[in-house]
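Student: A structural model of the following input is requested.
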Amino acid sequence: MKRVLLSVIAVLCLTVSVQAAGLTVSVMTEQIAKVDQGNSLGVEVGYFLGIDPAGAGLEPFIGCDWWPRWEDGEMAPPSVIVLGARQWFADIVDPNSAIPFIPGIFLEILNEDVQIKPYVGFRFSANIIDKDSGLMSIPVGIAVKTSPGSNSALRFEARYNDTFGSLSMIPDNRFDLYMGIFMAF
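Tutor: Sure thing, here's the model as predicted:
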């Protein structure tokens, strides 16, 4: 019982010491070969939980995915409300990075001010608006900043999607590629 109580106290102390770095906004688009068919557009608003905006941290978000050029019979362009979170990791180009050899390789070809932050996350539909459609996905990606003081970054993401309900017509169970803009305030 003492161990459980001490563990709970330790976890509470750690969560109290975390400060929020701020509001975030992301706009992503699916990258496919045919522009006129099936590509999605996503907008997410999140809040970065971490001590340093340039460091590691958790970012919960809410957003919307929309397929504007979807035409399948009488089905209107579908959209879903999406909830999720991203776990950001520290800059992999930083010379003090814990990863061996990677910063040296990147610094040979990139400017030393460039930051590359990887992340992994999860996303799922909230099914608030349309209970007949939904999605679940696991994204993995990077955000690239040209300078440490910049509030915006380019995001590149690979996402494994699974759709169900009326969204089951959208191709899934594969890795889709996304690109967009990430802004921290």
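Student: per-residue pLDDT, Ser166?
Tutor: pLDDT, Ser166: 73.
Student: Number the residues from 310 up from this point.
Tutor: Noted, 310 is the first residue going forward, which turns the last one into Ser475.
Student: Spatially nearest residue to it, not counting backbone neighbours?
Tutor: Ser442 (4.2 Å; C-beta to C-beta, 6 or more residues apart in numbering). No exception for glycine: its C-beta is placed from N, CA and C like everyone else's.
Student: which regions of this structure lie under the pLDDT threshold?
Tutor: By pLDDT under 70, the weakly predicted segments of the chain are 310-330, 342-347, 360-363, 378-386, 404-419, 436-441.
Student: Go again with 90.
Tutor: 310-331, 338-350, 358-366, 373-391, 398-426, 433-445, 453-461, 469-485, 493-494 (pLDDT under 90).
Student: Quick one: the helices in it, in order.
Tutor: For the chain, the helices defined by DSSP state H cover 311-326, 411-418.
Student: beta partners for Thr333?
Tutor: Gly355, Ala493 (DSSP bridges).
Student: Next: Trp375.
Tutor: Bridge pairing for Trp375 - DSSP bridges - gives Leu350, Ser388.
Student: neighbours around Asp374, how many?
Tutor: 24 (other C-beta atoms under 10 Å).
Student: My guess is it contacts Glu353. True?
Tutor: No. Counting by C-beta atoms under 8 Å, Asp374 does not reach Glu353; the two are 9.1 Å apart.
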